[in-house]
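Student: mind folding the following:
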Amino acid sequence: MLKNCIIILLAAGKGVRFSKTNYNSKEQKQFVKINNKTIYEICIENFIKTNLNIDILPVVNKNNIKLTNLISKKYDIQNPIIGGKTRQESVNNALKKLNNDSYEFVLIHDVARPFINKNVILELFKQMSTSTSCVVPYINIQDSLRNIS
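Tutor: Numbering: from 1, shown residues only. Modelled structure (predicted):
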């Protein structure tokens, strides 16, 4: 479908709001497990399942570098890089790393939204293959993760 494409996978967040609202969890949202897989892994798998054969560059918190290195090897994706204090800084760090690479398309996705639908991804790629310079997919808020006690 598309060549020269990479997904910057943002996973550097500390999940402050998540830990305050979810049983005072100390666990970061991206490493909470659902059916024995972290949200981070579920997100990676959803992109791999599209069979689009695109590169994935994880951007992570420095405290999680060892764990995310192991996961990167497991899924044969690029080694993670360290994010910044904000989402903007994390994206900037990733773009700096890609500075000399020749990717035609760069996608940015937040691991906190792991259940991206294959059809949404395929439609995104379909739109990218036109003369469009920017594509922004969205999902309705009722599709977000919640913990209801």
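
Student: what pLDDT is listed against the residue lying closest to D110 once chain neighbours are set aside?
Tutor: Excluding its sequence neighbours, the residue lying closest to D110 (Cβ to Cβ, 6 or more residues apart in numbering) is L10, at 4.9 Å. All C-beta atoms are positioned from the backbone trio N, CA, C, and that covers glycine. We have a pLDDT of 93 for L10.

Student: residues in contact with L10?
Tutor: Going by Cβ atoms under 8 Å, 6 or more residues apart in numbering, L10 touches V59, G83, R87, S90, V91, I108, H109, D110, V111.

Student: cool, and I39?
Tutor: Neighbouring residues of I39 by Cβ under 8 Å, 6+ apart: K29, Q30, F31, V32, K33, V111, A112, P114.

Student: number of residues surrounding N100?
Tutor: Counted by other Cβ atoms under 10 Å, the residues lying close to N100 total 6.

Student: and for K49?
Tutor: 10.

Student: likewise K85?
Tutor: 9.

Student: what strand or helix carries it?
Tutor: Per DSSP states H and E, K85 falls between elements, in no helix or strand.

Student: could you shift the numbering so residue one becomes 886, and keep it that way?
Tutor: Happy to do that; since the first residue is 886 now, the last one works out to K970.

Student: how near is it to K1011?
Tutor: 35 Å (Cβ to Cβ, to the nearest Å).

Student: same question, K959
Tutor: K959 is 29 Å from K1011, by Cβ to Cβ.
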